[in-house]
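K.L.:
sequence below, structure please.
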Amino acid sequence: MSKLNKVRFNLSRGENYMKWKIMYDDGRVDYHHPAEVQINMFGCTLSNNRRAADKIFNSETTKVVCAYIKCKDVQVTTSDFKTESNTQIKYNPREMPFWNVDGVNHDGNYYEELFTIDYKVFVK
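P.N.:
Okay, the predicted model is just below:
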C-alpha cells in the first residue's frame, strides 16, 4: 500500500503551537493557522494509539502524539470554506481516549471526506 498523508493538530510548544500539521506522503511538512485555512481531506481513516491515549486519559502522562487522520489526498484552501455538516469528529484524550462522535468510539473509521473549520474536524 502506498504511503498516506497525515493530518493532526499540533500541541507542541513553539512557533507552530496550535496549528494544523500536515505530513505529506513525500516527507514534506506544513503547518497552518486554523483561522486562515480550511483543510479538506479525502479517503480518511482515524488513527489512534489507544495505549498512549489511555495513559493521558488516566493522567499517567501528558502530551504525547497519539492520534492523526491518515488520508489519500489533502487540499488546503484559503477561501470559499465548506460549512455544510453537523457531524463533528472530536479527539481529546483527556476527555475520551478515542476519536468520537457524540461519545461513540470512531477509531479506525473510514470517511470519504473530512474538513476543518478552525480547530474542529467535520464529516462532509
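K.L.:
in terms of helix, strand or coil, where does the residue sitting furthest away from the middle of the chain fall?
P.N.:
In the chain, E60 marks the outermost C-alpha relative to the chain mean, sitting 22.8 Å out by Cα atoms, centre = their mean. Under DSSP: H, G, I helix; E, B strand; the rest coil, the three-state class of E60 is coil.
K.L.:
show me what contacts it?
P.N.:
Going by Cβ atoms under 8 Å, 6 or more residues apart in numbering, E60 touches no other residue. Where C-beta positions appear, they are placed from N, C-alpha and C, glycine not excepted.
K.L.:
any idea of the pLDDT on it?
P.N.:
At E60, the pLDDT value in this model is 93.
K.L.:
check M1 too.
P.N.:
Looking at M1, its pLDDT stands at 46.
K.L.:
helices of the chain, start to end?
P.N.:
50-57 (DSSP state H).
K.L.:
now do the strands in it.
P.N.:
5-10, 19-23, 29-32, 38-48, 67-77, 88-92, 96-101, 104-105, 110-117, 120-123 (DSSP state E).
K.L.:
partners of the fourth one, with directions?
P.N.:
Looking back up the chat, that one is strand 38-48. strand 67-77 (antiparallel), strand 110-117 (antiparallel) (DSSP bridges).
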